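> here's a sequence, model it:
(one chain, ligands or ions: 2)
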Amino acid sequence: MAPHQPILAPSILAGDHANLAGSVATIAATGLDWVHIDIMDGHFVPNLSFGPATVQALRRTSRLFFDVHLMLDNPHLYVEAFAKAGANLISIHIEPDYDIPGTLRRIRELGCQTGIVLNPGTPASAIDPVLDQVDLVLAMTVQPGFGGQSFREDVLPKIAEIDAQRRARGLTFRLEVDGGIDLATAPRCRAAGTDTFVAGTSFFKAPDRATFAASFAAL
Ligand code: DX5
Ligand code: ZN
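Numbers count the residues shown, from 1 in each chain. Ligands and ions are numbered 1, 2, ... in the order given. All right, here's what the predicted structure looks like:
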């Protein structure tokens, strides 16, 4: 079993974009501690979402743990802005070409936890050099850019591989999945070693969010 209790981190990408504070309040009212905030630049992914000003405005309304996922070609240029805006954890992708170890160090200096993210097609070996620098590894279970896509089950062996690395190296980072996570796919990810679950569409569309959240707590 993974070394951490399961955490459900609803993604406000699937919330009400005209009332994001209300969507964050819905997460808190469900008794959850984390909110996942997807930041897109229109280059690394073919979509746009929120900026630091949005995160800062939400921080004024909420004490939740802000799990900020940067889908940016140049995340090193923005980590300071998101840290100052109130992020608790900042995740950056392994695929673009920039100083990744230096950016992780900078995130930590800014007082935030660190995360590294891999797209479905990126091998686990790509993150080996930075595993001892991170608090969280995020394995994308869809190609990032849009909510509401189908879970990629071909990512499951990679999740198990990252979990095995975690044990072999005695590391304690959280292992998070993002994309197509619901009550059917989450147990499969849990069995592969996941402890942290992003859910956008399935959370906000759940008929009874408290029951939905309780199912994740029991994984
Ligand atoms: C994809 C985003 C995901 C997305 C998940 O680019 O990173 O966080 O919001 O959405 P669902 O749960 O709807 O697949
Ligand atoms: Zn995300």
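> helices of this protein, start to end?
For the chain, helices defined by DSSP state H occupy the ranges 20-29, 52-59, 79-85, 100-109, 156-168, 186-192, 201-205, 209-217.
> which stretch among those helices comes nearest ligand 1?
helix 201-205 (3.3 Å; Cβ to the nearest ligand atom). In this view, the C-beta of every residue, glycine as well, is placed from N, C-alpha and C.
> so the closest one, near ligand 2 or not?
No - contact between helix 201-205 and ligand 2 is absent, the nearest approach being 12.3 Å (criterion: Cβ under 5 Å from the ion).
> next, the contact list for the closest residue to ligand 2 within the chain, please.
Nearest residue of the chain to ligand 2: H69, at 3.7 Å (Cβ to the ion). Applying Cβ atoms under 8 Å, 6 or more residues apart in numbering, we find H69 in contact with H36, I37, D38, I39, S91, G115, V117, L138, D178, V198.
> surely A85 and A53 touch.
Yes - the pair A85 and A53 passes the contact test of Cβ atoms under 8 Å, sitting 7.4 Å apart.
> of the two, which one has the most company?
A85 (21 against 10; other Cβ atoms under 10 Å).
> okay, and the beta partners of L70?
In this entry, L70 is beta-bridged to I39, I92, by DSSP bridges.
> for ligand 2, what are the nearby residues on the protein?
D38, H69, D178.
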